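1. Sequence plus predicted model, see below.
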Amino acid sequence: MTEEMLEIMRGLRSAREAIMWWKKVLGGRFAEVEEYLIPCPGKAARQIPCPTTGITLRVCETDGHYLCFPTGEEAEDAPDLCLKWEHVQAWRLDMDRAEEEARKIKQDNRSQEHKEMNRPESETGAKIIGDFKVIRIPGQKDINLGTRYRARALLRFIYCQLKQTGTTKFYIEEMREQFNASGTGKTAGKQWKSDRIREDLFRHKKREFDLLFETLDKAAGYYRMKI
């Protein structure tokens, strides 16, 4: 979760609205907060956006159903709708969870930044900057993974695993199982499924991949980390 998204959520902390309203307000960013929405038991939203015109409709309960109708100057611009409970149930943001997760992420980032500041350069002279956002290799153009979160999460995981075992070589299948079992996959947004590490996870970054890894046996998925 980004700090920008957290600020948007804070501005909506008092909202108690139907899912249709949340989707309209958040637009393409709805997916980023969907998991933080929780139902308000027994509470119906006071208004919903018309699914065809987007005009705000007032919600009124009648005979176990919910009549949704436009008001004011827009009264003739949208049809009345008769909806069921699941369409008008109010939802709110679980801000306690969001704030706690944001706090943990911030702490983890600070801890990682401290480690990176004190990390020695590798034997090849590579220097890791800012939680693997940039890898600087002498004589080469900087490897910038600042906008490639999944590739960065994978690189960080493999690097740390190999440091712990004291080796530089690994099988991609074995590393993928460890990555998914560790929970890092969920943090990155989804589980790591592909074994085409160069073609999929480092798509459009093949030059960078070849600077970071040596392919020892492509068929067997056997690689060596260079940094």
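-> Everything's here; your move.
2. C-alpha only now, for contacts and for neighbours.
-> Fine.
3. Give me the domain ranges for the protein.
-> 3-97, 120-225 (automatic domain parsing).
4. from the chain's centre, how far out does the last one sit?
-> Taking Cα atoms, centre = their mean, to the nearest Å, the mean C-alpha location of domain 120-225 is offset from the chain mean by 19 Å.
5. re earlier: possible to save the domains of the chain as JSON lines with mean neighbour count?
-> Below are the domains of the chain laid out as JSON lines (neighbours: other Cα atoms under 10 Å):
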{"stretch": "domain 3-97", "mean neighbour count": "16"}
{"stretch": "domain 120-225", "mean neighbour count": "15"}
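6. Give me the residues contacting the one helix or strand Asn180 maps to.
-> Per DSSP states H and E, Asn180 falls inside helix 172-182. Residues from elsewhere that reach helix 172-182 (Cα atoms under 8 Å, 6 or more residues apart in numbering): 154, 157-158, 185-186, 191-193, 195, 197, 221-223.
7. Could you list the alpha-carbon positions for that helix in CSV?
-> Only the C-alpha atoms of helix 172-182 are listed here, as CSV (Å, rounded to 0.1, in the frame of the first residue of the first chain):
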residue,chain,number,x,y,z
ILE,A,172,14.4,-22.0,-10.0
GLU,A,173,11.7,-24.6,-9.0
GLU,A,174,13.2,-25.0,-5.5
MET,A,175,13.5,-21.2,-5.0
ARG,A,176,10.0,-20.7,-6.2
GLU,A,177,8.6,-23.1,-3.6
GLN,A,178,10.5,-21.4,-0.9
PHE,A,179,9.4,-17.9,-2.1
ASN,A,180,5.7,-18.9,-2.1
ALA,A,181,5.9,-20.8,1.2
SER,A,182,7.5,-17.8,2.9
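8. quick check: mean pLDDT across that helix?
-> Mean per-residue pLDDT for helix 172-182: 87.
9. Stretch 126-140 too?
-> 85.
10. same thing with stretch 146-158?
-> 85.
11. mind listing what the closest residue in space to Arg97 that isn't next to it in sequence touches?
-> Counting by Cα to Cα, 6 or more residues apart in numbering, Arg97 lies nearest to Tyr36, which is 7.6 Å off, once chain neighbours are set aside. Tyr36 is in contact with 93-95, 97-98, counting by Cα under 8 Å, 6+ apart.
12. mind showing which ranges of the chain have poor pLDDT?
-> For the chain, the stretches with pLDDT under 70 are 1, 72-79, 111-124, 183-190.
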